[in-house]
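> Predicted model, plus sequence, below.
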Amino acid sequence: MDFLRPASWEEALAAKAEHPTAVPIAGGTDVMVEINFDHRRPEYLLDLNRIGELTEWEVGQENVRLGASVPYSQIMEHLRAELPGLALASHTVASPQIRNRGGVGGNLGTASPAGDAHPALLAAGAEVEAESVRGTRMIPIDAFYTGVKRNALEPDELIRAVHIKKADGPQQYSKVGTRNAMVIAVCAFGLALHPETRTVRTGIGSAAPTPVRAKEAEEFLNAALEEGGFWDSRTIITPSVAQQFATLAAGACNPIDDVRGTASYRRHAVGIMARRTLGWAWESYRGNGRSTEGAA
Amino acid sequence: MRVNFTVNGRRHEADDVWEGESLLYVLRERMGLPGSKNACEQGECGSCTVRLDGVPVCSCLVAAGQVEGRDVVTVEGLADFAAHRAEAHPGTGCASGACGTSLDRAKRWKAEPAAGDETRDTGELSPIQQAFIDAGAVQCGFCTPGLLVAADELLERTPQPSDADIREALSGNLCRCTGYEKILDAVRLAAARAEETV
Amino acid sequence: MGVTGSPTNINQGTRTKGGIGESTLRPDGILKVTGEFAYSSDMWHEDMLWGHTLRSTVAHAEIVSIDVSEALATSGVYAVLTYDDLPAEMKNYGLEIQDTPVLAHGRVRHHGEPVALVAADHPETARRAAAKIRIDYRELPVVTDEASATAPGAPLIHEGRDDHHIGHVPHPNIVHRQPIVRGDAAAAEARADVIVKGDYYFGMQDQAFLGPESGLAVPAEDGGVDLYVATQWLHSDLRQIAPVLGLPEDKVRMTLSGVGGAFGGREDLSMQIHACLLALRTGKPVKIVYNRFESFFGHVHRHPARLHYEHGATRDGKLTHMKCRIVLDGGAYASASPAVVGNASSLAVGPYVIEDVDIEAIALYTNNPPCGAMRGFGAVQACFAYEAQMDKLAARLDMDPVEFRQLNAMEQGTLLPTGQQVDSPAPVAELLRRVKAMPMPPERQWESAGEHADVRALPGGLSNTTHGEGVVRGVGYAVGLKNVGFSEGFDDYSTARVRMEVIGGEPVATVHTAMAEVGQGGVTVHAQIARTELGVSQVTIHPADTQVGSAGSTSASRQTYVTGGAVKNSCEAVREQVLEMGRRKLGTHHPAWATAELLLEGGKVVTDGGEVLADIADVLEDEAVDIELEWRHRPTEAFDLRTGQGNGHVQYSFAAHRAVVEVDTELGLVKVIELACAQDVGKALNPLSVVGQIQGGTIQGMGIAVMEEIIVDPVTAKVRNPSFTDYLLPTILDTPTIPVDVLELADDHAPYGLRGIGEAPTLSSTPAVLAAIRNATGLELDRTPVRPEHLTGV
């Protein structure tokens, strides 16, 4: 095993071009577990810790450009207003120690369907800034997840940042685990209201081979909200509409049975979380949002 | 490979480090600092918690090479670290041995008979270390180093934490012996003693 | 250079009396908070090698061939050992039945069984070499439950058994069977107005001590070996290790290293023999440290159990009879299965008076992971089932579940189904009364002023799954019955060596036992006992090793009773000698030397009237008194193999819990709000430690109620979740407040009237939580742990 320690982003890209099998390591919260448990013996480890810009973010007009290694704890602390869904998701990540090290770039690189950030990114709308010595490209989040623990990155590419749409309305995030802290998702659900475009976007984690959006549920809800004039009236969403949204969200799942939960429970729980997160987000939109402690 | 970094204020160097070694392994097996514990090596128990450039992290998930040139505080250096902080920023902790609040006062519900004072003369411990002993928060002790580092950082950030704050801050540290009640007591006790001395 | 991190004497402070009944602080506390306390995984020796264990990847297979040549040729590798390299005739070990191969011999019987060992200069070298060992397995059909174990033509897990249970078991795949029959259950059934039946399942729990199995073996010049290790019972280890090494016991010198928790999981051997074999083969010190993955295969677990129970009661709420059948899965090797069967059967009735019972408990041999000792062994599984039955009966009778239990509660004088009379206080009804009388935790604690929800206090916790939606509160009660100490005629003794001498002008006592301090605080209590009995303030606790006689195991809630009793007994003998010495040297100075009852107090010899006769230092001068004695509790008897009759137990321990839970009924997530406990401890030698034990035991019981389970694939018998990612332990955000009410009713047969306490709270915690969840949801819930899918019915 070789340990590559690039001092700059350019050096990192050059190293990755030279050694496409090199495994990037930033927070180490995935890679080191695999090494400690002898599940993986990469030929090269590519340390990204020395590249300071990866832990920085910029808040722009439309987007937040979030460095790939910005720790979850920083997102929780500093980006609650701009990225409320991702901040909520960050708060559910593992433990305080892990949140101090892990970042969204790692979640995207690993592309596990159980990664906590994915549903929030899908719901908010985001693009992944991937770069190689060949150049930079922006990969829409909807096209990023290509299979179980597979993503759209080329072997010579590294994730430099994620461009996430700044919230233009309330966002929510909910995750089921069988422990009240430090738990991998049995399933998770992210939801974002986008009043500017009068749309709702969603993201589902750990209930399909990849993180997915509940597109049918979104389309149904977008139409129902438009038809009922809810965006303007800001009245309570009809329970039957919320229920249908929940049912369609559950239907978007394609889960499996595993040690963490059954497929049918995952489908059920996604439906419940869809209904609840819609309710919470909509109440906020109406101006009656209930504040929470311990979430983001 | 060779790795150089600062541990508890001292420069350390390790040679012939295998690239897959963790910071935890290097501390324990190469630097003679086995205080950080190897309970899970997968970031799920917090027993190996250290401060890396001031930030609490699981040292089992930091690759040794990533620590090059950086600053690490382990449980072995916690008392010095806390003493230095107390000197530099008075009011964020109490000096060792000057802490007057009894365990009973810091407790939420029915107290046990008072602790004997035989081991109160404990020399140079940080307030949180002393509180863990006084509150009975130590049984087998394997989770203790990681909990101390995490709890010390909590009190540095939030000198008067609520119970929910304590629970959240320590939710990455598993303990199998105590059921956590006396760990809560210990953190409450350290916070109460700090408040009294301010 | 010698061993670093080897244990040193723990010196006590000098200023207070610190005798029994005081909450003196741990003598190892400072070492533990500074990181200096040397656990078994902290041992280091110059020039040491790292041992690694290669384990089977399948549950049941014939080993057709093993090729170690490539591994052996790896640079940095010093030894590769398989079964063929074992040096002695004895190649197996075991607590009671020596059925466990040190290394697999032609066959593996469970997933993760040790097959080969490697010693190398770095753990990674050892791992890479182990990966080069080629093993050709021919897989065999697996036995996973009672049906497959006893089916016609079932593969025998151990062919040619010749242990002392084979004569009375109905099938060779049954380790041990214990029926207990008293009265006439069939006739009593006719008197019952209501009959309640239930089938229950108790999942496989892991001890999950935080300090993984580890140790250091150092070869000695005399051909022997020095072993530093974390264990629960040094002498039991020694008895199993020496024959396999082909060494006499005195050439295997064991020293207890720091133990990172045990809970039963260190009663069996893990890496002990392996490290010694590698050290003796290579001539170099060898350290073995399991990682968490390996630890799940490195020790036995709590027996999963299927329990069928039938109870009857009269309309006015009196229990008429009980019939039950308990099937424990012992896995591939016997371990403590016979004792678990003994406990499950003899305590199957729980703390209730039922005169007519028909009980049967068995433990199976299967290809599942071996199961053995864990906190409350056997009694825990039974308590889960009988307490569910009590709630069902109370509901059928439309009675309050606590009143129904109190109406049937055993008390001092009650005859157990074994025919043994309970001859010390049994305050079952009182414990229930106390726990019920504790103030209830406030409702909706997650909701502070206004519209504010704190998710940390809600089901789902930080995961933000509810802000109060679907949340329903439930309350449940349970009480349990556990035996203390080793039962069934076992010669359960301990040994203490106590020395008293003058150092620096002060009398100092040194207590030397082989008791394994695993975190429970035995070292604290031993010093307290010595202070009380010898009137000294300075007590040194000598490291535990095999240079002193056996202390027995740190298990079965027995150490404070038995080794505490031994320390007390040896202290008394030392005191007598000191007084004798005083009479001889100073008797002429004062008539009271001859006439009064004399005590040692505050460093002085005093009369029972309080008159000071001499300083202890002046009596001892430069002489030392040094006495090593064995001490035994009252003998017990084996249970009759047909009827289960016999005075099998020495003492009982009782705890009651009230659980308050909040359940998100839509998502099936549980938040335990409070687990109140009342326990009779006889005499609290150290109240702070007593409460710590009760709280810790309570949370281990809660863990198996709501999250902890080793999941074994029913088809392959492979463990599916050997990690802390998927075997979940409660975090501090999962645990409730745990108010404890300690009752002290002395047991006159025990030292200071004390009662063993460690296990009882683990019994009643689980069924209390389940009862509370049933109360919240209205669901039957016949298995533990309960998972979200059970609560949502999907």
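Arrived safely, thanks for sending.

> quick one: the helices in the chain?
No chain was given, so I picked chain A. A:9-18, A:31-36, A:72-78, A:84-91, A:96-99, A:104-110, A:117-124, A:215-227, A:230-233, A:239-251, A:263-285 (DSSP state H).

> Chain B, not that one
Going by DSSP H, chain B shows helices at B:23-25, B:78-88, B:103-106, B:127-135, B:144-157, B:163-169, B:181-197.

> weakest of the ones you listed in terms of mean pLDDT?
When those are ranked by mean pLDDT, helix B:103-106 comes last with a mean of 40.

> quick one on the thing from earlier: winner for burial among the helices of chain A?
Ranked by mean neighbour count under mean count of other Cβ atoms under 10 Å in any protein chain shown, the helices of chain A are led by helix A:117-124, which reaches a mean of 31. Bear in mind the C-beta positions are built from the backbone N, C-alpha and C, glycine included.

> Could I get the phi/psi values of whichever residue of chain B sits closest to chain C?
The minimum distance from chain B to chain C, using Cβ to the nearest Cβ, falls at B:Gly35 (2.1 Å). Main-chain torsions, B:Gly35, degrees, to the nearest 10: phi -60, psi -40.

> Contact partners for the closest residue to chain A within the stretch 151-300 of chain C?
Among all residues of the stretch 151-300 of chain C, C:Phe293 sits closest to chain A, at 5.4 Å; criterion: Cβ to the nearest Cβ. C:Phe293 sits next to A:Phe37, C:Pro722, C:Ser723 when contact means Cβ atoms under 8 Å, 6 or more residues apart in numbering or on different chains.

> Most neighbours among those residues, which one?
C:Pro722 (22 neighbours; other Cβ atoms under 10 Å in any protein chain shown).

> ok, it - contacts?
Per Cβ under 8 Å, 6+ apart, neighbours of C:Pro722: C:Gly112, C:Arg292, C:Phe293, C:Phe296, C:Phe297, C:Ile710.

> Check those residues for burial and list the buried ones.
C:Gly112, C:Arg292, C:Phe293, C:Phe296, C:Phe297, C:Ile710 (16 or more other Cβ atoms under 10 Å in any protein chain shown).

> got TSV for these, with distance to A:Ala188, secondary structure and pLDDT too?
Listed next are these as TSV, based on distance: Cβ to Cβ, whole Å; DSSP: H, G, I helix; E, B strand; the rest coil; pLDDT from 0 to 100:
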residue	distance to A:Ala188	secondary structure	pLDDT
C:Gly112	32	coil	98
C:Arg292	25	helix	98
C:Phe293	26	helix	98
C:Phe296	27	helix	98
C:Phe297	31	helix	98
C:Ile710	25	strand	98
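
> quick one: which of the residues you listed is nearest chain B?
Nearest to chain B among the buried ones among the contacts of C:Pro722, with distances taken as Cβ to the nearest Cβ, is C:Arg292, at 4.3 Å.

> How about the closest one, nearest residue that isn't a chain neighbour?
Spatial nearest neighbour of C:Arg292, chain neighbours left out: B:Cys40 (4.3 Å); criterion: Cβ to Cβ, 6 or more residues apart in numbering or on different chains.

> Walk me through the domains of chain B.
B:3-73, B:76-197 (automatic domain parsing).

> Serialize the ones you listed to CSV and add fields for mean neighbour count.
Conversion of the domains of chain B to CSV gives the following (neighbours: other Cβ atoms under 10 Å in any protein chain shown):
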stretch, mean neighbour count
domain B:3-73, 22
domain B:76-197, 22
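
> Ok, which of those domains comes nearest A:Leu48?
Evaluated over these, closeness to A:Leu48 peaks at domain B:3-73, with 9.1 Å, by Cβ to Cβ.

> How much space separates the residue of chain B found nearest chain A from B:Ala131?
Taking Cβ to the nearest Cβ, chain A has its nearest neighbour within chain B at B:Gly172, 2.4 Å off. In this structure, B:Gly172 and B:Ala131 are 20 Å apart, going by Cβ to Cβ, to the nearest Å.

> Then A:Arg276?
In terms of Cβ to Cβ, A:Arg276 sits 39 Å off from B:Ala131.

> Report the contact partners of the closest residue to C:Asn343 other than its chain neighbours.
Nearest residue to C:Asn343, sequence neighbours excluded (Cβ to Cβ, 6+ apart): C:Gly378, at 3.0 Å. Listed by Cβ under 8 Å, 6+ apart, the contact partners of C:Gly378 are C:His303, C:Leu328, C:Ala339, C:Val340, C:Val341, C:Gly342, C:Asn343, C:Ala344, C:Ser345, C:Leu347, C:Ala361.

> List the ones among those residues that fall in helices.
Filtering the contacts of C:Gly378 for helices - DSSP H - leaves C:Ala339, C:Val340, C:Val341, C:Gly342, C:Asn343, C:Ala344, C:Ser345.
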